[in-house]
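[1] this one's structure only:
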């Protein structure tokens, strides 16, 4: 079996290699193609990946290339973890928001929209290539904003099976599991747990946890609230969580507490992109040292905890038809009654030969209102990205809850398009 990783020069890649090595007995991987347009970076990360595989017995071959079509051809799975414009563009996304008194963040608000406009055309080009040289291959998208990109794939590349994945649900689940193990004084296999999550990527609410089918949410949620009460500066307002009865995805802090987040931006530099640039410099130096053949413990500072688990568990469940339940981003096709069936949602789905969203109770109005507003923005952002439609881009900014006021939309849009002009040819026809 061949797997292609687009954006293979990412500093995340060694964690992905670890995941494939851990599942060498159940996932018959023979060729792992790492593709990246940054040849120098690919050489550093890819050579380190090859040393990792060699140290574990050469279970599969790691092939390095800057040719995307060759990487994709004949693949059973194509994983995307690319960043158009690299970390410098992420920094621009963050400071774009800061300049205009808005949230500066890579996956939501104006920064998230800028990233989507740069990324969606590239992902759709990839999907077209997959339909030509790897028909039937599953596209597993990790590239942020993951839900919005999966929305674009569902609308404009329906011929390519695609799923969006994120590490937030599994990170949340593992955190709740740790507390549960302490209370029960026993070790629990994570596969016995099922987290009930619903929403959009980076805009979801966790509302249930079952162990072997038994609902433990009342105890788990009460314990979570107790933890918050014991903290001097809890990350969530207790009254809000008590009212919701749910644990929000931590990205919802940008929506619930924008004043706090805006104040934190005033302390930049460093922004998160600038922090990551420094971390990546250290990681790349580590990878380049020929004496090293296993990822450093500091890799978790890069973010993306459990990334390899999410990625390789999903591929393993799909390839081996395991019927496992994973929280993913897919078109829900009526799994949530009353919601538009074509919407891509983040929710539990059964992963076997296909990826089948499980029936889910709709969110209450207090959550749905925000979700529907952000989904409207997502749909408009997809249209803007695909067609280079400045009117749709204007509407997307106007619709976003974290966007500018109406009389500032054009100024923000002009700034966004000018800053990222090299990566937005659809908006700047020759």
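    Structure's in. What do you need? The structure presented is a predicted model; accordingly, all values stated were derived computationally and were not measured.

[2] could you list the low-pLDDT ranges of the stretch 151-300 of the chain?
    For the stretch 151-300 of the chain, applying pLDDT under 70 flags the ranges 300.

[3] quick one: the strands in it?
    For the stretch 151-300 of the chain, the strands defined by DSSP state E, counting those that start in this stretch occupy 162-164, 193-200, 203-211, 214-215, 247-248.

[4] which of these sits most buried?
    Highest mean neighbour count among the strands of the stretch 151-300 of the chain (mean count of other CB atoms under 10 Å): strand 162-164, with a mean of 25. Heads up, the C-betas are built off the backbone N, CA and C, glycines and all.

[5] give me the residues contacting that one.
    127, 138-142, 146-147, 149-150, 153-154, 201, 314, 328-330, 344, 346, 355 (CB atoms under 8 Å, 6 or more residues apart in numbering).

[6] kindly recompute the last result at 6 Å.
    With CB atoms under 6 Å, 6 or more residues apart in numbering as the test, strand 162-164 has contacts from 139-141, 146-147, 150, 153, 328-330, 355.

[7] turn these into TSV, columns for neighbour count.
    Converted to TSV, the contacts of strand 162-164 look like this (neighbours: other CB atoms under 10 Å):
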residue	neighbour count
139	26
140	23
141	28
146	25
147	29
150	28
153	27
328	27
329	28
330	24
355	19
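
[8] now, the residues you listed that are in helices?
    146-147, 150, 153 (DSSP state H).

[9] for residue 255, find the nearest of the strands of the stretch 151-300 of the chain.
    Among the strands of the stretch 151-300 of the chain, the nearest to residue 255 by CB to CB is strand 203-211 (7.6 Å).

[10] could you list every helix and strand in contact with that closest one?
    strand 193-200, helix 217-229 (3 or more CB pairs under 6 Å, 6 or more residues apart in numbering; DSSP states H and E).

[11] so which residue is smack in the middle of this protein?
    residue 166 (3.9 Å; CA atoms, centre = their mean).

[12] pull the contacting residues for residue 100.
    So residue 100 contacts residue 412 (CB under 6 Å, 6+ apart).

[13] could you measure from it over to residue 112?
    14 Å (CB to CB, to the nearest Å).

[14] again, but for residue 135
    For residue 135 relative to residue 112 (CB to CB), the value is 32 Å.

[15] do residue 429 as well
    In this view, residue 429 and residue 112 are 25 Å apart by CB to CB.

[16] more neighbours, the two?
    residue 112 (26 against 6; other CB atoms under 10 Å).

[17] ramachandran angles for that one?
    Torsion angles at residue 112 (phi, psi; degrees, to the nearest 10) stand at phi -60, psi -40.

[18] ok, it touching residue 145?
    Yes: assessed by CB atoms under 6 Å, residue 112 is found in contact with residue 145 at 4.9 Å.

[19] return the set of buried residues in stretch 67-87.
    Neighbour-count burial for stretch 67-87, counted by 16 or more other CB atoms under 10 Å, picks out 68, 71-73, 75-86.

[20] cool, stretch 281-291 as well?
    Buried residues in stretch 281-291 (16+ other CB under 10 Å): 283-284, 286-287.

[21] and if you look at stretch 29-42?
    Here stretch 29-42 shows 29, 32-36, 38, 41-42 as buried, counting by 16+ other CB under 10 Å.

[22] repeat that for stretch 86-100.
    Those would be 86, 89-98, 100, for stretch 86-100 by 16+ other CB under 10 Å.

[23] filter the residues you listed down to just the ones in helices.
    86, 89-98.

[24] identify the bridge partners of the residue lying closest to residue 146 once chain neighbours are set aside.
    Excluding its sequence neighbours, the residue lying closest to residue 146 (CB to CB, 6 or more residues apart in numbering) is residue 164, at 4.2 Å. Residue 164 forms beta bridges with residue 141, residue 329, as assigned by DSSP bridges.

[25] how about residues contacting stretch 19-28?
    Outside stretch 19-28, the residues touching it (CB under 6 Å, 6+ apart) are 1, 29, 56, 59, 308, 311-312, 316.

[26] using a markdown table, lay out those together with distance to residue 379, pLDDT and secondary structure.
    Formatted as a markdown table, those follow (distance: CB to CB, whole Å; pLDDT from 0 to 100; DSSP: H, G, I helix; E, B strand; the rest coil):
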| residue | distance to residue 379 | pLDDT | secondary structure |
| --- | --- | --- | --- |
| 1 | 35 | 96 | coil |
| 29 | 36 | 97 | coil |
| 56 | 44 | 96 | coil |
| 59 | 43 | 96 | coil |
| 308 | 32 | 80 | helix |
| 311 | 27 | 91 | helix |
| 312 | 32 | 94 | helix |
| 316 | 33 | 96 | helix |
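
[27] for residue 389, which of the helices and strands packed on strand 203-211 is the nearest?
    strand 193-200 (21.9 Å).

[28] how far is the closest one from where the chain is centred?
    Centre-to-centre, strand 193-200 and its host chain are 15 Å apart (CA atoms, centre = their mean, to the nearest Å).

[29] repeat that for stretch 310-327.
    The chain centroid and the centroid of stretch 310-327 are separated by 17 Å under CA atoms, centre = their mean.

[30] let the chain start at 48 from now.
    Sure thing, new numbering starts at 48, so read that last one as stretch 357-374.

[31] can you list contacts of whatever helix or strand residue 365 lives in?
    Counting by DSSP states H and E, the element that carries residue 365 is helix 354-366. Applying CB under 6 Å, 6+ apart, the contact partners of helix 354-366 are 59, 62-63, 65-67, 70, 73-74, 124, 212, 214, 217, 371, 373, 398.

[32] pull out the buried positions in that helix.
    Quick answer for helix 354-366 (16+ other CB under 10 Å): 354-366.

[33] over to stretch 408-422?
    410, 414-415, 417-419, 421-422.

[34] and for stretch 427-437?
    Those would be 427-433, 435-436, for stretch 427-437 by 16+ other CB under 10 Å.

[35] follow-up on the earlier one: and of the buried residues of stretch 133-147, the nearest to residue 453?
    residue 147 (13.4 Å).

[36] and the pLDDT for that closest one?
    Looking at residue 147, its pLDDT stands at 98.
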